[in-house]
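>>> Generate a structure from the sequence data that follows.
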Amino acid sequence: MSTPALPREELRGLFLFEHLSDAQLNWIDEHAEVERHDSGEVVIREGDPATCFYVLLTGALRMTRLVSGVEVEMKRTDQRGSYCGATQFFVHQETEHSYGASVHAVSDVEFLTLPAAEFAVQFRGWFPMAAHLLEGMYVGWRNTDTVISSRRRLLALGELSAGLTHELNNPAAAAVRATASLRERVAGMRHKLAVLAKKDIDPELLDLLLEVQERLVKQVADAPKLTAMQQSDREDEIGDWFDEHGVDQGWDLASIFVSAGLTADSLDGVLDSVGEGLLDGAVRWLAYALETEMLMGEIEDSTTRISALVGAAKQYSQMDRAPHQWIDVHEGLDSTLVMMSGKIGEGVRVVKEYDHGIARVPAYAAELNQVWTNVIDNALGAMAGEGTLTLRTWQVDQQVRVEIGDTGPGIPDDVRQRIFEPFFTTKGVGEGTGLGLDISWRIVVERHYGDIKVESAPGDTRFEICLPVEEQASL
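Predicted coordinates:
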């Protein structure tokens with residue numbers, strides 16, 4: 001619904017028009033209309049022809065965009081004078097302009113609307129030099145941002161993929177090796193079973209041997225972790241026991257029994273059960289059984305590790321999850337560390353000081369993961385492979401705070417004042433785009449209504465990200 005525009009003095013009260021001349025305000029008054037929309041109504045639909053420039057007079061709006069078919073909220077505001085719609089009206093384009101986002105009425109709203117095509121002509125007449133500068137800045141920024149952002153995303157994806165591939169390769173290779181060894185041990189068990197069967201074992205004795213096997217196998221999962229010295233001492237002890245009881249090459253079997261958590265007392269129990277005559281065959285049979293159980297445990301550990309890595313990758317990318325959700329920030333921090341494990345060298349110690357009692361926060365989880373990635377990547381770069389990376393979380397009133405610290409050389413005062421500026425970087429030519437912290441600032445401040453700040457001294461640099469624990473109605 002449209003009505004005549006506002007009086008001149010009321011128009012001048014809008015910050016966009018406060019410095020226009022009387023003649024310019026007269027033109028606005030003659031060509032503008034006031035539109036009213038009910039709460040919940042779609043005012044502008046993304047992709048439709050951009051025919052109008054909208055200025056908010058009363059009420060609240062929210063702006064959304066479709067990302068991979070999912071509606072993502074970009075902004076929410078009730079500030080009088082905020083503008084939307086055909087905001088690039090001053091740019092000459094061969095194709096027709098279209099709205100870059102949808103605008104929804106959060107409450108009953110009023111807009112001052114101007115026809116974009118006529119306003120563009122008039123604007124370029126009023127401010128010819130400003131129009132040229134704005135158009136140049138807009139087109140230049142769009143082209144630069146497209147090229148650099150695409151390149152940065154590809155490089156970041158390549159680095160993360162390389163790190164994840166490296167991490168997946170280790171447990172996968174371990175599972176392959178364990179599977180090959182398991183095949184050999186199972187073949188050996190079949191051979192030993194045939195040897196035992198040829199000795200006309202009493203069925204009750206064979207049952208007893210199998211009972212001993214099951215009892216010892218169950219101890220494998222609870223085998224204690226031994227130091228190198230303890231491992232060596234126990235191997236010597238069991239090797240001596242084998243020598244005393246005539247088991248050939250017992251020293252070759254000792255490491256298996258020690259790794260399974262057995263002692264000489266355990267072997268005394270085996271001897272009591274099977275007797276001296278079958279001891280050699282029984283010991284070798286049990287060695288195969290124990291090693292088979294340990295190999296199956298290794299395969300289970302490796303495949304569990306692979307599943308955990310895949311799970312971390314899914315959490316990091318937020319695959320199959322809603323873009324906006326209530327999240328535990330620790331999940332994002334941990335998945336980011338997993339994805340960046342290839343860049344965390346052996347000389348970097350990671351310290352986690354998590355307060356697991358903090359509240360969940362409403363957030364775009366995938367975008368926050370990008371913030372963690374940018375800040376942690378900068379910290380790792382500053383430490384150059386040597387130092388301590390500290391991740392700390394706590395809550396102050398209605399804010400969750402995440403601190404990412406490093407022990408690098410620090411950020412000079414003159415640099416610290418500019419680190420969130422677009423395209424500002426302290427890295428060498430070709431090494432950085434200057435977009436990482438700018439993007440992080442926009443995600444935290446503009447998208448999540450939080451704050452990001454930095455404190456730095458030589459050996460102690462800390463980025464603090466503050467996130468509200470409640471939904472924010474407007475910025």
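>>> By mean pLDDT, flag the weakest helix or strand of the protein.
Here the helix or strand of the chain ranked lowest by mean pLDDT, DSSP states H and E is strand 2-4, holding a mean of 49.
>>> Give me the next element, helix or strand, following that one.
Reading on from strand 2-4 to the C-terminus, the next helix or strand found by DSSP states H and E is helix 8-12.
>>> Which neighbouring elements make contact with that next one?
Contact partners of helix 8-12 among helices and strands, from 3 or more CB pairs under 8 Å, 6 or more residues apart in numbering; DSSP states H and E: helix 22-31. Bear in mind the C-beta positions are built from the backbone N, C-alpha and C, glycine included.
>>> can you list contacts of the helix it packs on?
When contacts are defined by CB atoms under 8 Å, 6 or more residues apart in numbering, helix 22-31 is touched by residues 5-8, 11-12, 17, 20, 114-115, 118-119, 122, 126.
>>> Quick check: buried residues in stretch 98-109?
Neighbour-count burial for stretch 98-109, counted by 16 or more other CB atoms under 10 Å, picks out 99, 100, 101, 102, 103, 104, 105, 106, 109.
>>> Just to be sure, residue 84 is in a strand?
Yes - according to DSSP: H, G, I helix; E, B strand; the rest coil, residue 84 belongs to a strand.
>>> Now tell me which of the buried residues of stretch 98-109 the prediction trusts least.
Lowest pLDDT of the buried residues of stretch 98-109: residue 100, 84.
>>> so residue 291 touches residue 256, yeah?
Yes - contact criterion CB atoms under 8 Å: residue 291 and residue 256 qualify, at 5.2 Å.
>>> Could you check which of these two has the larger neighbour count?
Per other CB atoms under 10 Å, whichever of residue 291 and residue 256 has more neighbours is residue 291, with 23 against 19.
>>> Can you name the residues that contact that one?
Contacts of residue 291 were listed using CB under 8 Å, 6+ apart, and they are 181, 185, 256, 260.
>>> Doesn't it lie inside a strand?
No - counting by three-state DSSP, residue 291 is not part of a strand but helix.
>>> and residue 41, how many residues sit next to it?
Residue neighbour count, defined by other CB under 10 Å, stands at 12 for residue 41.
>>> Skipping adjacent residues, who's closest to it in space?
Nearest-residue entry for residue 41: residue 105, 4.8 Å, with adjacent residues in sequence omitted and distances by CB to CB, 6 or more residues apart in numbering.
>>> Next, give phi and psi for the one you found.
Backbone torsions of residue 105, given as degrees, to the nearest 10, read phi -80, psi 120.
>>> Would you mind naming the residues that bridge with it?
residue 61 (DSSP bridges).
>>> One more: the one 10 residues further on?
The bridge-partner assignment for residue 115, based on DSSP bridges, gives residue 52.
>>> what's the distance between residue 409 and residue 453?
Going from residue 409 to residue 453 by CB to CB, to the nearest Å gives 19 Å.
>>> and the residue nearest to residue 78 when sequence neighbours are not counted, backbone torsions?
Counting by CB to CB, 6+ apart, residue 78 lies nearest to residue 60, which is 3.7 Å off, once chain neighbours are set aside. The main-chain torsion angles of residue 60 are listed as degrees, to the nearest 10 and equal phi -130, psi 150.
>>> how many neighbours does residue 60 have?
Around residue 60 sit 19 other residues, with neighbours defined as other CB under 10 Å.
>>> from what I can see it touches residue 76, true?
Yes - counting by CB under 8 Å, residue 76 is a contact partner of residue 60 at 7.0 Å.
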